[in-house]
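S.K.: Here's a sequence, model it:
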Amino acid sequence: MVDLVPDIIKSIVSRPGPPGNSSDVARMTAIESRLSDLETLVQPVTKGIVSARFYGPLETLSGWSALVPWTMAANTLYAGPFQWAIDAVVVGARVTITTAQTGGIHLGIYSFGASGRPLTLVLDLGVMDASVIGDRNTPSINVTLPRGSYWLAGAANATGIAMNSVLAGVGVTSTLGHANTDGTAPRSACLRVAALSSGFTTLPTTFSTISTTSIIPAFWLVSA
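M.R.: Below you'll find the model as predicted:
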């Protein structure tokens, strides 16, 4: 099929247009039709986000391992990097709770700063209930998130809440980049952690980094 694509495109572009005495409207209609055909061909490459799928932490194939339980400290903001392929609608977020406690997890999306660290709050996703084991969702939203690289962050208001996480091996080099020649530096930058001076209820507008680890919390965005 790939080998046929150039011929298909050539056929679409070289398709005879309307007769010379047709109106400008007819000519524009023919051009728009051809552009629509071309767009159909490239959709599998450019779309990038599939409806009702979960998008979350980044990892390399060599660094990915099974999801493992990981315990959050109370009133501490944890963030892991992720990429959003295109402008697409977010309808919520999900976390899988492995140890429940009375309380919740407050999720939000932060921008990438010049240093590659999480910087400013882009979207507050709301609070999910952490008192029941299993998949837990934030309140439903309907917000278009522009394509780009972000940090997906969350904070719990009770000590002992455990959730799934990803062990990040050599790390997320496609987003954070190599800081040294052997490629091990991104491992220590996968998770950014900041204390919440304002408590759990309000996520800070600016992320203040105080430490790093190689764990990536498995926070997931849900596409429309």
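S.K.: what ranges do the helices span in the protein?
M.R.: 5-13, 24-46, 173-176 (DSSP state H).
S.K.: For stretch 213-224, measure first residue to last.
M.R.: Start-to-end span of stretch 213-224 (Cα to Cα, to the nearest Å) is 31 Å.
S.K.: Pairing-wise in the sheet, spell out the partners of T96.
M.R.: For T96, the beta-bridge partners under DSSP bridges are D135.
S.K.: Distance-wise, check the spatially closest residue to G80 that is not a sequence neighbour relative to F82.
M.R.: Computed as Cβ to Cβ, 6 or more residues apart in numbering, the closest residue to G80 that is not its neighbour in sequence is I216, at 3.9 Å. Where you see a C-beta, it was placed from the backbone N, CA and C, and this is true even at glycine. I216 sits 9 Å away from F82, going by Cβ to Cβ, to the nearest Å.
S.K.: Give the bridge partners for the nearest residue to T120 once chain neighbours are set aside, please.
M.R.: Distance criterion Cβ to Cβ, 6+ apart; nearest residue to T120, sequence neighbours excluded, is S111 at 5.0 Å. The residues paired with S111 through beta bridges, assigned by DSSP bridges, are Y150.
S.K.: My guess is S111 contacts L145. True?
M.R.: No: with the criterion set as Cβ atoms under 8 Å, S111 and L145 do not qualify as a contacting pair; they are 11.2 Å apart.
S.K.: just to revisit the earlier point, quickly, which of the helices of the chain bottoms out on average pLDDT?
M.R.: Of all those, mean pLDDT reaches its minimum on helix 5-13 (a mean of 55).
S.K.: since we're on the residue nearest to T159 when sequence neighbours are not counted, how many residues are nearby?
M.R.: For T159, the nearest residue in space outside its immediate sequence neighbours is A74; the separation is 4.5 Å by Cβ to Cβ, 6+ apart. By the other Cβ atoms under 10 Å criterion, the neighbourhood of A74 contains 16 residues.
S.K.: Confirm for me that A74 is in contact with A130.
M.R.: No: with contacts defined as Cβ under 8 Å, A74 does not count as touching A130, sitting 11.0 Å away.
S.K.: which neighbours do the two share?
M.R.: 103, 156, 158 (Cβ atoms under 8 Å, 6 or more residues apart in numbering).
S.K.: Outline the domain layout of the chain.
M.R.: Per automatic domain parsing, the structural domains of the chain span 2-46, 54-223.
S.K.: got the end-to-end distance for the longest one?
M.R.: So the one you mean is domain 54-223. With Cα to Cα as the measure, the ends of domain 54-223 fall 7 Å from one another.
S.K.: Sounds good, over and out.
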